[in-house]
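1. sequence first, predicted model second:
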Amino acid sequence: MLISTRGRYALRVMIDLAEHPSEDFIPLKVIARRQEISEKYLEGIIKLLVKARFVNGLRGKGGGYKLTQAPEQYTVLSILQLTEDSLSPVACLEQDASACPRASVCRTLPVWQGLDRLIRDYLEHITVADLLEADVSGNDYVI
């Protein structure tokens, strides 16, 4: 599993919007500037977030984007599921995978199933609100 740039940037957009809750709608160009991401690239990401109703968009003067819910309501898993083709560690565990003819005798399948559960459980228990608080010394990296 490799998280794409699109997934990492979607998380950054959600965090940015959560960090500025007092503002009504935040223009995409402002988010792009603050996050140092191309506005053109963010357009595709914001469309996914709007379609999933994670953010509301308003066109025109005074327009932009804002979260539809509190930051505690968005998990990292839910955001990455929008942007990634798969979070599964192996192809046979992907959502639309064909049944593997070796599944009944595969000695490694339990390893991959366990890893898949760990990944999903871990990402499900981290919210955007948690990431806002990630200002602990030593955790000052950018996703």
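-> All right, it came through fine. Residues are numbered from 1 along each chain as shown.
2. what comes up buried for the strand or helix carrying Ile79?
-> Using DSSP states H and E, Ile79 maps to helix 76-83. Neighbour counts over helix 76-83 (16 or more other Cβ atoms under 10 Å) mark 76-81, 83 as buried. Placement of C-beta: from N, CA and C, glycine included.
3. equivalent analysis for stretch 35-54, please.
-> Across stretch 35-54, burial judged by 16+ other Cβ under 10 Å covers 37, 42, 45-46, 48-49, 54.
4. before we move on, what about stretch 59-71?
-> 64-67, 71.
5. give me the contacts around that stretch.
-> The contact list for stretch 59-71 (Cβ atoms under 8 Å, 6 or more residues apart in numbering) reads 14, 17-18, 21, 23-28, 30-31, 46, 49-50, 53-58, 74, 127-129, 132.
6. would TSV of the buried residues of helix 76-83 with pLDDT be doable?
-> Output for the buried residues of helix 76-83, formatted as TSV (pLDDT from 0 to 100):
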residue	pLDDT
Val76	97
Leu77	97
Ser78	97
Ile79	98
Leu80	97
Gln81	95
Thr83	95
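7. Ala99: which of those residues is nearest?
-> Gln81 (22.4 Å; Cβ to Cβ).
8. so for the closest residue in space to Gln73 that isn't next to it in sequence, what's the pLDDT?
-> Leaving aside its sequence neighbours, Gln73 sits nearest to Thr127 (Cβ to Cβ, 6 or more residues apart in numbering; 7.4 Å). Thr127 carries a pLDDT score of 97 in this model.
9. give me every residue that touches Thr127.
-> Contacts for Thr127 (Cβ under 8 Å, 6+ apart) come out as 71-76.
10. again, only using 7 Å
-> Contact analysis of Thr127 by Cβ atoms under 7 Å, 6 or more residues apart in numbering lists 71-72, 74-75.
11. can you say which of those are buried?
-> Buried by 16+ other Cβ under 10 Å: 71, 74-75, out of these.
12. so for stretch 100-114, first residue to last residue, what's the gap.
-> When the termini of stretch 100-114 are compared using Cα to Cα, to the nearest Å, they are 17 Å apart.
13. ignore what I typed, I meant stretch 45-64.
-> End-to-end distance (Cα to Cα), stretch 45-64: 14 Å.
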